[in-house]
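Enquirer: When you get a sec, could you give me coordinates for this:
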Amino acid sequence: MQQYPPIPAVGDEAAPEFAGHLWLLEAVEGSILRFQLRESGAIRFGGQQRVYRADDAVPRPCRRAIRHVRERLDRAALRRAVDDVGSHTFVGWATHRERIDYDWERLPPFLGVDVYGAEDAFRPPDATETIFDRLGLDPANAIERERHSRDFDPGSYRIPESAWYDGPAAGVVIRDKRAGRAQLENSEILTQSKSSIASENADSLAAAVATDRRFERVATRLRERGQAPTVDELRDRVLEDVYREEHGRLFGGDRAIDESAFRTAVARRAQRFLGG
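Expert: This next block holds a predicted model:
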């Protein structure tokens with residue numbers, strides 16, 4: 001699986017000199033997530049450089065995104081489109097909270113950013129958007145398409161409003177057709193302090209984040225897929241949502257979470273939600 005180079009900040013030595021027409025993509029908080037479809041139909045996942053050999057190696061805030069890709073990826077469409085599915089690496093953001101409280105019911109768990117093809121090159125941004133659409137996955141939000149580089153000045157560019165919550169975007173990724181990329185970060189977001197809800201008491205922490213609303217959302221998703229909610233399914237999926245939507249608040253403080261006790265407390269709440 002192709003490694004994904006870090007996106008340099010605008011002004012860094014590694015940042016390219018852009019030419020031609022640019023695409024401006026909204027940057028969201030999250031982690032780089034790569035995946036590759038194997039001939040067997042299984043999906044191989046990895047982070048920026050590391051490949052995850054087992055599900056328990058996946059970072060907590062990325063687990064919801066991995067489930068989303070497994071459930072949404074149109075494997076048949078990918079096999080129809082390319083002769084060798086293993087020659088393509090797909091890259092995106094596993095969206096999760098650090099400082100920004102997005103509208104989590106609208107923001108997809110995974111947003112596609114790049115596709116590395118069989119010709120040993122990243123596809124241009126217009127092709128990348130089309131590919132993710134056809135595979136059943138959401139591409140990153142394009143703020144502007146085909147803006148000529150001579151008309152773009154990063155120094156005077158104003159970060160726009162986000163498509164995913166009522167506030168400014170975390171940044172903008174600038175792309176050209178030659179695989180050049182750089183990120184313009186929102187300095188105001190970066191300087192915001194992280195709030196914390198970490199607690200030494202697993203039961204009180206579960207009560208704060210494993211709410212009836214979250215259980216109902218998960219139960220609805222299961223029913224829509226023809227699955228009956230069970231305690232184990234509710235526990236696992238609510239934990240995925242919690243680790244995604246509350247990551248910055250759960251793990252941004254000084255206190256460590258007893259994850260085994262927390263998992264048990266969430267399971268008890270799942271049992272009560274089901275009336276058990």
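
Enquirer: The most centrally placed residue in the chain bridge partners, please.
Expert: With distances taken as C-alpha atoms, centre = their mean, residue 94 lies nearest the centre of the chain, 1.7 Å away. Residue 94 has these beta-bridge partners by DSSP bridges: residue 31, residue 110.

Enquirer: From residue 113, how far off is it?
Expert: 11 Å (C-beta to C-beta, to the nearest Å). Where C-beta positions appear, they are placed from N, C-alpha and C, glycine not excepted.

Enquirer: Where does pLDDT dip in the stretch 51-200 of the chain?
Expert: 193, 198-200 (pLDDT under 70).

Enquirer: can you give me the helices for it?
Expert: Secondary structure of the stretch 51-200 of the chain by DSSP state H, counting those that start in this stretch: the helices cover 63-72, 75-81, 125-134, 187-190.

Enquirer: Tabulate those helices in TSV, adding columns for mean neighbour count and distance to residue 170.
Expert: TSV is the format used below for the helices of the stretch 51-200 of the chain (neighbours: other C-beta atoms under 10 Å; distance: least, C-beta to C-beta, whole Å):
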stretch	mean neighbour count	distance to residue 170
helix 63-72	19	17
helix 75-81	13	29
helix 125-134	18	19
helix 187-190	12	5
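
Enquirer: can you tell which of those helices is closest to residue 177?
Expert: Across the helices of the stretch 51-200 of the chain, the minimum distance to residue 177, taken as C-beta to C-beta, is reached by helix 125-134, at 7.3 Å.

Enquirer: Other residues contacting the closest one?
Expert: 23, 25, 74, 77, 81, 90, 92, 112-115, 122-123, 138-139, 142, 145, 175, 177 (C-beta atoms under 8 Å, 6 or more residues apart in numbering).

Enquirer: Distance to residue 54 added to the helices of the stretch 51-200 of the chain, as TSV?
Expert: Output for those, formatted as TSV (distance: least, C-beta to C-beta, whole Å):
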stretch	distance to residue 54
helix 63-72	12
helix 75-81	21
helix 125-134	26
helix 187-190	33
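
Enquirer: among those, which is nearest residue 271?
Expert: helix 63-72 (21.6 Å).

Enquirer: ok, and the closest non-adjacent residue to residue 103?
Expert: residue 165 (5.2 Å; C-beta to C-beta, 6 or more residues apart in numbering).

Enquirer: my guess is that neighbour contacts residue 102, does it?
Expert: Yes - with contact defined as C-beta atoms under 8 Å, residue 165 counts as touching residue 102 (4.6 Å).

Enquirer: More neighbours: which of the two?
Expert: Applying other C-beta atoms under 10 Å to residue 165 and residue 102 shows that residue 102 carries more neighbours, namely 22 against 16.

Enquirer: quick one: the more buried one from residue 164, how far?
Expert: Distance from residue 102 to residue 164, by C-beta to C-beta: 5 Å.

Enquirer: Overlap in contacts, the two.
Expert: Joint contacts of residue 102 and residue 164 (C-beta under 8 Å, 6+ apart) are residue 28.

Enquirer: Is it correct that residue 21 is in contact with residue 144?
Expert: No - the criterion here is C-beta under 8 Å, and residue 21 misses it with residue 144 at 10.0 Å.

Enquirer: Between those two, which is the more surrounded one?
Expert: A side-by-side neighbour count of residue 21 and residue 144, using other C-beta under 10 Å, places residue 21 first with 19 against 14.

Enquirer: Need phi/psi at residue 215.
Expert: phi -60, psi -40 (degrees, to the nearest 10).

Enquirer: That one: neighbour count?
Expert: Neighbour number of residue 215 under other C-beta under 10 Å is 22.

Enquirer: That one and residue 265, how far apart?
Expert: In terms of C-beta to C-beta, residue 215 sits 13 Å off from residue 265.

Enquirer: try residue 207
Expert: In terms of C-beta to C-beta, residue 207 sits 8 Å off from residue 265.

Enquirer: do residue 197 as well
Expert: In terms of C-beta to C-beta, residue 197 sits 14 Å off from residue 265.

Enquirer: For these two, indicate the residue with more neighbours.
Expert: Each of residue 197 and residue 265 has its neighbours counted (other C-beta under 10 Å); residue 265 has more, 20 against 14.
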